[in-house]
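Chemist: Coordinates for the following, if possible.
(chains A and B)
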Amino acid sequence: MAEHFKTLWSSVKDATYVSPETNLSTEAGFMSEMGFQDSDIMKQAFVLLQELVQQSNGSFISLILEDEDIKIFMNSLNQYEDFDNIPIDIRQRLHAVGRIISVCVNTSIASCNKVFESFFPLLMTYLGLSVAKPHENSCLAEDYNPPGRLNFGALYLCVEVLSACRYLVGSDELTPIPDFANQTWGVMLHNVSKSLAMVFISLLRSNVAENSQNAYVCYGVKGLQNLATFPGSLLAVSKSTYDSILLKLMSVVTSDINKTFLWTLAMNALVEIGSFLDKCPDSERLSSYESIVVEKIFSLISSDDSNMPLSLKLQAAFEIGATGMNFMLRVVQGLDEAISATLSAVYAHGNRKSVEPTVKLLEYYSNKVLPWFHKSGGSEEIPLNFALSIWDKIENNRSFNLDSLENELLDATMMAMKQAVGSCSEGSQEKIINKALGVLLSSNCLQWMESISGNTPSEAEGLQQIHKLDSFAIRDEWITSLFASIVIALRPQTYIQNGKFILQFFITTLLNGHVPSAQALGSLVNKLPLKITGTPLSKNLCLDEAVDMIFHSCIWTSYNGSTYERGSSEIDLSSLRLCSLSPESDKIHATIGLAWIGKGLLMRGHEKVKDITMTLLNCMISDGDRGSLPNSKHPSLVCNDEDLHHQLMKSAADAFHIIMSDSESCLNKRYHATIRPLYKQRFSNTVMPILSTLMLKYDSPSIRSMLCRAIAYVVSDTPLTAILSEAKKLIPLLLDCLSMMVEDIMNKEIIYSVLLVISGILVDKNGQDAVAENAHSIVNQLIELTTYPHMMVIRETAVQCLAAISELPYTRIYPLRTLVLRAMLKALDDPKWVVRQEAVRCRQAWASIASRSLHF
Amino acid sequence: MTLGLINANPVVHAKKERVVRTEDSHTDDAVDPLEIYDFVRDIRDPEHPYSLEQLSVLSEESITVDEKLGRILITFTPTIQHCSMVTVIGLCLREKLKDHFPPHFKVDIKVAPGSHANEESVNKQLNDKERVSAALENPHLRQLVDECLYSSEL
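Modeler: Purely as a prediction, here's the structure:
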């Protein structure tokens, strides 16, 4: 074997020197790195090299180290000082030589020693350092600045050698290397590590962070990272060097925020060092890291230092925290204190400037930190304490000094609360909800529970109470919303004290238009146990009781003359017309409540959802007799009647949207909802026949448009497979809907979803038969949609559907050809480029089905 | 009829990077040169397996659009002065762009001034509708044009 070494070596040289495949990407900023892609040949050459060095026990290495080409190249390194002046082929060579040396170094200790002996002093000389007399290195001075530009070739090779050494030592485990202190390379490295670190640090100090500097910066950071992640027990890098590395990196992160490239590199290096510490903890280094990096981050978050924007601070904090649980706990401590401080500023002093940072902090907390804890199996102390502390704060601030509701802040707090509660176990959730209940009971929220009771006060009183409802104080609304958030995120097995009271409370607030209360009610009915096991306690709530309570609550109380259309178990909202207490707006809120309650019941498969559906349908089709309204004494109510009535019908139709669509804010997997499989299909199968018969029955345009809305909502959220089986019946219905909805500009989203359903039907084989039967009407409707002015995606999708229709059997579609081509001619002129492209494609598709020319 | 290729050693340039168009929902997209260029840059040269873009016959700057008047002017540069393939290239351009624009757009195709010996007569040929249709009825020419247009789609 040995005799072939020479030939093998020369062929390896050839493979790596000549014809290196370069991946010269011209993206700015990338050219500054040695971004070369090794070709397959090169990769195999390096593998071969590694094998040879390993097996040859030193003889092959000497061949490499005495090689003339490499020697000449190394000696010539000093002529290429500046990175920009190095021509491309020299860079390639540098890359190849770097790889060869790394391979030699990381194969075995003996080979490493040899390489170090031959090349290391030379490299150090190029960098201006001396290995033999490290104390005399000028770079150890405090204000060291490299003279001129540092030799890039030497820098690159040095960094490569360092990473190869690290690899040799085995950066993943603490396997002790025998006699490290006596190894040649160990000694050299130990002597020079401090100076090297100083050189690298000085590279980061360069004030001119232009493109050309990026290569230096990149390798400077890489070098520092390698030095810092050397396993500590090997004493390669002393504590003071380690500290200075960390200090420099931290100072880059805190002050050089404008130099994005440098900042990102430094950030990544710190994260790598942190993860390394997490994997192989070393007490000395751990304490350094904690005191220098983690504490600094902690103080950054808490301080109001405006040097660094808050989002950057949070990003840095999260990335460093994510390296290990202990670090994250400290970061969370800082976040908690910051949130606490800003919330106090907002609540107690009405400080509007604190609103935005609080929102950011809360969003970060709920989007990044809490999920991280959940994923890494952290204890639930963190979310529990977070939730409890917010309630403490609310309790301690009896009055909020806020001028307005601060919706953004309220939303962010609700989100954080839901997230926190959702990640807790049942026991912790019970603690939270009990605490919140206490705060609720001692607040003013109860005042207006009394205002809406089951009795019928006189009309004057009625007006008064309407006014009372309006003065819903800001603090009360906050409490109610946050309480609703807790209820939304509860687990099904959590025991709720005072369940009946809570239910009644939500029903009341719901009537005032408080949507989170409606969502909370929906969550409750979704998760309550069906029956109570064991002895029935009076305060325990089960599902049947809850449903009864809702359906017989004061808002549904029917008066004489109420009409029950189908069956006696149905509740009819029309009875409310006779009730002078509830204005139309209450009924609208009631429909929203019904929607969420219905969604909760549907998702668990309770049959009461049918009653709710019937009620909503009745709302939609209720037209006419308003003469019985005894509101003539209140002229303001009469004028808005039509409008409100229309709104009532609309919100009933929109209720179907709420029921069918997936919501991010409640009743989903994240918040432990009970989800029965295929619930959407079941609902669709029940409701669609009813809706289609109603469409046939009613002529009035307002009713029909509402029915269309409902149909559109139901169909667009039903899974496609369910629709395909009913495609034949559905298509004429959908086309009717589309033609009705085109008139109103607010309907564009619905139109788009219906169009997507149609395109889904078109693409499927079974659906195509259904389409072929209705081809004429579909094409007409699609052509009309190609000129829909308000939304580009509708036009685009319509043209794409038309192109898909050209695939149908010729006999069905040939009569439509000229129609489509004429429409495409207009579409070619569309203001949007995307639509024009699609029109060209569609036109060509339709042209190819017949041999007549396109120009007619 | 010359034996062998008209231009045996063309200079090949790198392809320019394709720009992905971002959608801008607030403004209308006017017909712009890049749109037209994207259609025609991949047409293959009749003689070599390179695209017109790679041989620098066409570039984005050589296309002008006047949207108000509805006129498009494409100027292309043949690789050598006596290239007899100019008419074929012009035919390919016409054929490719034939159905891409609404009928009120007029497409003019010309050779770059001073780049060809028979510049005037070539320009006349390329913009005469009757001569173009007659040329495309010739099966050999038709086949050549199809190869140039559709080989890029393989």
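Chemist: Which residues does stretch B:135-144 contact?
Modeler: Contacts with stretch B:135-144, where a contact means CB atoms under 8 Å, 6 or more residues apart in numbering or on different chains, come from B:46, B:87, B:88, B:91, B:95, B:145. C-betas here are computed from N, CA, C, even on glycine.
Chemist: For the fifth one, give its distance to residue B:53.
Modeler: Remark: distance between residue B:95 and residue B:53 (CB to CB, to the nearest Å) = 18 Å.
Chemist: Ok, the last one next?
Modeler: Applying CB to CB, the value for residue B:145 to residue B:53 is 18 Å.
Chemist: Give me the more crowded residue out of the two.
Modeler: Ranked by neighbour count (other CB atoms under 10 Å in any protein chain shown), residue B:145 and residue B:53 place residue B:145 first, with 23 against 20.
Chemist: tell me the domain boundaries of chain A?
Modeler: Domains of chain A are assigned by automatic domain parsing as A:1-205, A:737-856.
Chemist: Export only the CA atoms of the helix or strand containing residue A:430, formatted as PDB.
Modeler: Taking DSSP states H and E as the criterion, residue A:430 maps to helix A:426-441. Provided in PDB are the C-alpha atoms of helix A:426-441 (Å, rounded to 0.1, in the frame of the first residue of the first chain):
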ATOM      1  CA  GLU A 426     -56.400  20.600  36.300                       C
ATOM      2  CA  GLY A 427     -55.200  21.500  39.800                       C
ATOM      3  CA  SER A 428     -53.500  24.700  38.800                       C
ATOM      4  CA  GLN A 429     -56.400  25.700  36.600                       C
ATOM      5  CA  GLU A 430     -58.700  25.300  39.600                       C
ATOM      6  CA  LYS A 431     -56.500  27.600  41.600                       C
ATOM      7  CA  ILE A 432     -56.500  30.200  38.900                       C
ATOM      8  CA  ILE A 433     -60.200  30.200  38.400                       C
ATOM      9  CA  ASN A 434     -60.900  30.400  42.100                       C
ATOM     10  CA  LYS A 435     -58.700  33.300  42.400                       C
ATOM     11  CA  ALA A 436     -60.300  35.000  39.500                       C
ATOM     12  CA  LEU A 437     -63.800  34.300  40.800                       C
ATOM     13  CA  GLY A 438     -62.800  36.000  44.000                       C
ATOM     14  CA  VAL A 439     -61.800  39.100  42.200                       C
ATOM     15  CA  LEU A 440     -64.900  39.000  40.100                       C
ATOM     16  CA  LEU A 441     -67.300  38.700  43.000                       C
END
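Chemist: so where do the helices sit in chain B?
Modeler: B:33-40, B:86-97, B:119-126, B:129-137, B:139-150 (DSSP state H).
Chemist: quick one: which of these is nearest residue A:647?
Modeler: For those, proximity to residue A:647 was assessed by CB to CB; helix B:33-40 is nearest, at 45.5 Å.
Chemist: Quick one: name the residues of chain A near chain B.
Modeler: Contact residues (CB under 8 Å from any CB of the partner chain) of chain A with chain B: A:792, A:825-826, A:828-829, A:831-834, A:836, A:840, A:843-844, A:847, A:854-855.
Chemist: What subset of these is buried?
Modeler: Neighbour counting with 16 or more other CB atoms under 10 Å in any protein chain shown marks A:792, A:825, A:828, A:832, A:833, A:834, A:836, A:840, A:843, A:847 as buried within those.
Chemist: Pick out the residue nearest the middle of chain A.
Modeler: residue A:367 (7.3 Å; CA atoms, centre = their mean).
Chemist: List just the nearest of the contacts of stretch B:135-144 to chain A.
Modeler: Looking at those and their distance to chain A, the nearest is residue B:95, at 12.7 Å (CB to the nearest CB).
Chemist: now the closest residue to that closest one other than its chain neighbours: how far from residue B:96?
Modeler: Excluding the flanking residues, the one nearest residue B:95 by CB to CB, 6 or more residues apart in numbering or on different chains is residue B:145, at 5.6 Å. Relative to residue B:96, residue B:145 is positioned 9 Å away (CB to CB).
Chemist: Also residue A:503?
Modeler: Distance from residue A:503 to residue B:96, by CB to CB: 70 Å.
Chemist: again, but for residue A:758
Modeler: Counting by CB to CB, the gap from residue A:758 to residue B:96 is 32 Å.
Chemist: Deepest-packed of the helices of chain B, please.
Modeler: With neighbours taken as mean count of other CB atoms under 10 Å in any protein chain shown, those reach their highest mean count in helix B:86-97, at a mean of 22.
Chemist: what comes into contact with that helix?
Modeler: B:36, B:39-40, B:43, B:45-46, B:52, B:57, B:72, B:74, B:76, B:78, B:107, B:109, B:111, B:116, B:122, B:125-126, B:132, B:135-136, B:141, B:144-145, B:148-149.
Chemist: Now do that helix against helix B:33-40, angle only.
Modeler: For helix B:86-97 against helix B:33-40, the angle by axes from the mean of the first three to the mean of the last three CA atoms, to 10 degrees is 110 degrees.
Chemist: Poorly predicted segments of chain B, please.
Modeler: Low-confidence segments of chain B, defined by pLDDT under 70: B:1-4, B:14-27, B:152-154.
Chemist: how does it look with 90?
Modeler: B:1-62, B:65-70, B:78-87, B:95-106, B:113-119, B:136, B:141-154 (pLDDT under 90).
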